[in-house]
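**Q** I'd like to go over a predicted model; first the sequence, then the structure.
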Amino acid sequence: MNQAAFPKLLSSQIAFDIALTIRDGFDKHYRLFRATSQQAKLHFERGEWKVAQQAARERIGFYDKRVQECVHMLEDEYAPEDLTDEVWRECKLHFIGLLSGHKQPELAETFFNSVCCNILHRSYFHNEFIFVRPVVSTEYIETEEAAPTYRMYYPGTDGLSGTLRRIVTDFSLDARFANLDRDVEQVEARLRQLFGAEALEPNHQIQVLSKLFFRNKGAYIVGKGINGAREYPFVVPILHNRNGELILDTVLFDQEQIIILFSFTRAYFMVDMEVPSAYVQFIRTLLPRKPRSEIYTILGLQKQGKTLFYRDYLQHLKHSSDQFGAAPGIRGLVMLVFALPSFPYVFKLIKDFFPAPKDTTRALVKEKYLLVKHHDRVGRMADTLEYSNVAFPRHRMKEELIAEIRQHAPSLLEEDGNNIVIKHLYIERRMVPLNIWLTHAEQQGDDARIEHGVLEYGNAIKELVAANIFPGDMLYKNFGVTRHKRVVFYDYDEIEYITDCNFRDIPEARTEEEEMAAEPWYHVGPHDVFPEQFGRFLLGNAKIRKYFMLHHADLFTREFWQRRKERIQAGIVEDVFPYPQHIRFSYQGTPAIPSAAHVAPTLLETSENE
């Protein structure tokens, strides 16, 4: 662009005013986002678990509310004929100028896209009008006026024990520690195992993110030890004990444990970040294989995660040549699922009609997915990315897949020249369906793998129950196995709150005719659940039955479900730990779920007031 053209291009007051309105709308959003994240510290200090959960749910909706506010302001202020192509082109250039010195420019660009995509037709969705590619760099933002993202400590100077105590106290938590000296000693012993002889070398340093990470009932110190080219990531969870005092619960330094903590199956952390890109970059040094899109999402910036995911997806399409086809597994009655073999995600769209016995609607299914989005997923429900008007290159889609979409979801299909446009879909991480995983294990004669799958399935159910979630359809095909061999639920069309369910025993038949009848001889309400019936579709295989009855026979009793429901109704918030019980410090003296400690993060029942 030559200099003579530039002043002429930036001559529209309307374009500048629109850009300023969008920038101010984003700033309002992020100000509220940070305020809620800051309050998470207060909720943790006071043990206000219900309040913290509600705040986390409400924060998820902040973004869409601010976008709609902005859209309505622009629609009220300007007539459609004033918003010419030239105005929109210039608006983007003005917006770039307004981001000079901004601490969250990448998030603001995404907000600009969201507002514009609510106003413009999709034919405008290219880099001339919106930020298909980022423009403002996020490097070195924190070298300006922003507060430091992390603190630096030197164990060789202060001693490891003194350094650890300073790390903890620098967070200024307004709550009493039960025994900080004891806790620091336990953490020091673990970190000496990690650092080895380097722990006290003069050039050894520890970097710790300046803000705590809050989620569920825990606060997490996130850091790494550095000695030359060697880096040692670690995370220290802080919890309340039964007396309401603070304790350091363990140290996570195994790579897999840290990956599971920052998993796509958990709800978003509450973190007060002035420069979010710097936090993302720090976490990437701990988990270099985790894409930036997922890191933004786990930090509660799910819209930025969606933006980066879509950019990664387009880049993958550019460099691959395979075709989209039906995903492996049993066909669902509600969702049509397809995949690209080279891409580790699946694409799910809601069918237009559902055969019996399904009794639902598209609107209800979307409500279920929204429920999961706003709920604490406790590591057992896959996060979903929801998109509208997604264009797929026609030559990359198998004709059988296009025909299947035409048959089952014609209202969502638009054929636009060389593109197939899907008007609404969800994208989830691809997993191996549990039924396929168990079948392969049996074919290979791998009893240990069968036991692990059954054990993990039962643990997943129990942790969902702790989060007030009843899966509805508990068939193995609705659960997947991640690459870390964790079982995760991913089919949400029949999901319900535990507190909305009525758990019953099957009444005794009064006559032989009633007992032999094809239909129930007793009334069944819409929310009635009969746990003793679960065995009919879960225990058909002898080996599965053996391990299920060994580890999770209680799932077939009304008493188990009713007891959990009553605890939830009493206001008790369960602990669901994102790490194995056996690595917790031994002074806790708290039992794990039987047989689960060695394989998976699990659940410990504890009262808010205990």
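**A** Arrived safely. Numbers count the residues shown, from 1 in each chain.
**Q** domain ranges for the protein?
**A** Domain assignment for the chain, taken from automatic domain parsing, gives 5-137, 150-301, 320-430, 433-570.
**Q** In PDB, list the C-alpha atoms belonging to stretch 429-447.
**A** Extracted in PDB, the C-alpha atoms of stretch 429-447 (Å, rounded to 0.1, in the frame of the first residue of the first chain):
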ATOM      1  CA  ARG A 429     -11.200 -34.700  20.300                       C
ATOM      2  CA  ARG A 430     -11.200 -38.100  18.700                       C
ATOM      3  CA  MET A 431     -11.100 -41.100  21.100                       C
ATOM      4  CA  VAL A 432     -11.300 -44.900  20.800                       C
ATOM      5  CA  PRO A 433     -14.900 -45.800  21.600                       C
ATOM      6  CA  LEU A 434     -14.900 -47.900  24.800                       C
ATOM      7  CA  ASN A 435     -16.900 -50.800  23.300                       C
ATOM      8  CA  ILE A 436     -14.300 -51.100  20.500                       C
ATOM      9  CA  TRP A 437     -11.400 -50.800  23.000                       C
ATOM     10  CA  LEU A 438     -12.900 -53.600  25.200                       C
ATOM     11  CA  THR A 439     -13.600 -55.800  22.100                       C
ATOM     12  CA  HIS A 440     -10.000 -55.500  21.000                       C
ATOM     13  CA  ALA A 441      -8.700 -56.300  24.500                       C
ATOM     14  CA  GLU A 442     -10.800 -59.500  24.600                       C
ATOM     15  CA  GLN A 443      -9.700 -60.500  21.100                       C
ATOM     16  CA  GLN A 444      -6.100 -60.200  22.200                       C
ATOM     17  CA  GLY A 445      -6.700 -62.000  25.500                       C
ATOM     18  CA  ASP A 446      -5.600 -59.000  27.500                       C
ATOM     19  CA  ASP A 447      -7.500 -59.400  30.800                       C
END
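**Q** hmm, back to that, of the domains of the chain, which is nearest residue 582?
**A** domain 150-301 (9.7 Å; C-beta to C-beta). Using the backbone N, CA and C atoms, a C-beta is placed for each residue, glycine as well.
**Q** Give me the mean pLDDT for the closest one.
**A** Averaged over domain 150-301, pLDDT sits at 92.
**Q** I'd like the domains of the chain as JSON lines, with distance to residue 308 and mean neighbour count appended.
**A** Listed next are these as JSON lines, based on distance: least, C-beta to C-beta, whole Å; neighbours: other C-beta atoms under 10 Å:
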{"stretch": "domain 5-137", "distance to residue 308": "9", "mean neighbour count": "17"}
{"stretch": "domain 150-301", "distance to residue 308": "4", "mean neighbour count": "19"}
{"stretch": "domain 320-430", "distance to residue 308": "11", "mean neighbour count": "17"}
{"stretch": "domain 433-570", "distance to residue 308": "21", "mean neighbour count": "17"}
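**Q** could I get the ones you listed as JSON lines with distance to residue 583?
**A** Output for these, formatted as JSON lines (distance: least, C-beta to C-beta, whole Å):
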{"stretch": "domain 5-137", "distance to residue 583": "22"}
{"stretch": "domain 150-301", "distance to residue 583": "5"}
{"stretch": "domain 320-430", "distance to residue 583": "16"}
{"stretch": "domain 433-570", "distance to residue 583": "15"}
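**Q** Can you say which of those domains is nearest to residue 581?
**A** Nearest of the domains of the chain (C-beta to C-beta): domain 150-301, 9.6 Å.
**Q** Straight-line length of that closest one, end to end?
**A** 20 Å (C-alpha to C-alpha, to the nearest Å).
**Q** For residue 66, give me its contacts.
**A** Counting by C-beta atoms under 8 Å, 6 or more residues apart in numbering, residue 66 makes contact with 25, 26, 28, 29, 32, 111.
**Q** Pick the one among those residues closest to residue 211.
**A** When the contacts of residue 66 are compared against residue 211 (criterion: C-beta to C-beta), the nearest one is residue 32, at 17.1 Å.
**Q** Can you check which of the domains of the chain gets nearest to residue 577?
**A** Using C-beta to C-beta, the domains of the chain put domain 150-301 closest to residue 577, at 8.1 Å.
**Q** ok but residue 577 is inside a strand, no?
**A** Yes: per DSSP: H, G, I helix; E, B strand; the rest coil, residue 577 lies within a strand segment.
**Q** And it, how far from residue 339?
**A** 32 Å (C-beta to C-beta, to the nearest Å).
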